[in-house]
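Trainee: next one to model:
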Amino acid sequence: MQPEPCSGRLRFSVFPVYQAKDLIEAELLLQRLRDRGIPSALQNEFLQGMMGELPLSIRPTVAVLEERDQSAALLCVREMEAALRAPELPDLVCASCGDTSPGNFEECWKCRAELSS
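Mentor: Numbers count the residues shown, from 1 in each chain. Okay, here's the model as predicted:
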C-alpha cells in the first residue's frame, strides 16, 4: 500500500473486491481473507445506521490493501458465496453425550467429541 499525495495530505489506496449486503457478510469475508494472510479493510461500516437515507450503492465494502492480493481475494469471495448458497445440513446427535449440534460442525459443541454424519 503506497501513500499518494492528495491536496497536501497523504491518502492510501485500497482495492475494493466485494460489496456486502450487510456487516455480517462483510465480516465473514474479512475473516476469510485474514485467515489466508491477505491484508484487508472494511469501508462504509459506520453508514449502516443510515440505511434507507442513503443510496443502495453505499454498503459495506471489503477492500484489499495490496493490488497484488486482488485475485486471491476474489477467490475467497467465490468460496464464501458458494458456502452461503450451500444447503443447510441436518443437525447431528453426539454419540458421546446425546446433545444436538448443527450439521456443519465437525465436533460436538458441548463435549468436543467427533461427530459423524
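Trainee: so, low pLDDT: which residues of this structure?
Mentor: Flagging of the chain using pLDDT under 70 yields the residue ranges 1-12, 46-57, 117.
Trainee: could you pull out the helices for it?
Mentor: 23-35, 70-85 (DSSP state H).
Trainee: now, of those, which is deepest in the fold?
Mentor: Comparing the helices of the chain by mean neighbour count (mean count of other Cβ atoms under 10 Å), helix 23-35 ranks first with a mean of 17. Just so you know, the C-beta spots here come from the backbone N, C-alpha and C atoms, and that holds for glycine as well.
Trainee: how much does that one deviate in direction from helix 70-85?
Mentor: 130 degrees (axes from the mean of the first three to the mean of the last three Cα atoms, to 10 degrees).
Trainee: for helix 23-35, packing partners?
Mentor: strand 40-43, strand 61-64, helix 70-85 (3 or more Cβ pairs under 8 Å, 6 or more residues apart in numbering; DSSP states H and E).
Trainee: export the ones you listed to TSV and append columns for distance to residue 18.
Mentor: Listed next are these as TSV, based on distance: least, Cβ to Cβ, whole Å:
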stretch	distance to residue 18
strand 40-43	10
strand 61-64	4
helix 70-85	5
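Trainee: having no further points to raise, I will conclude here.
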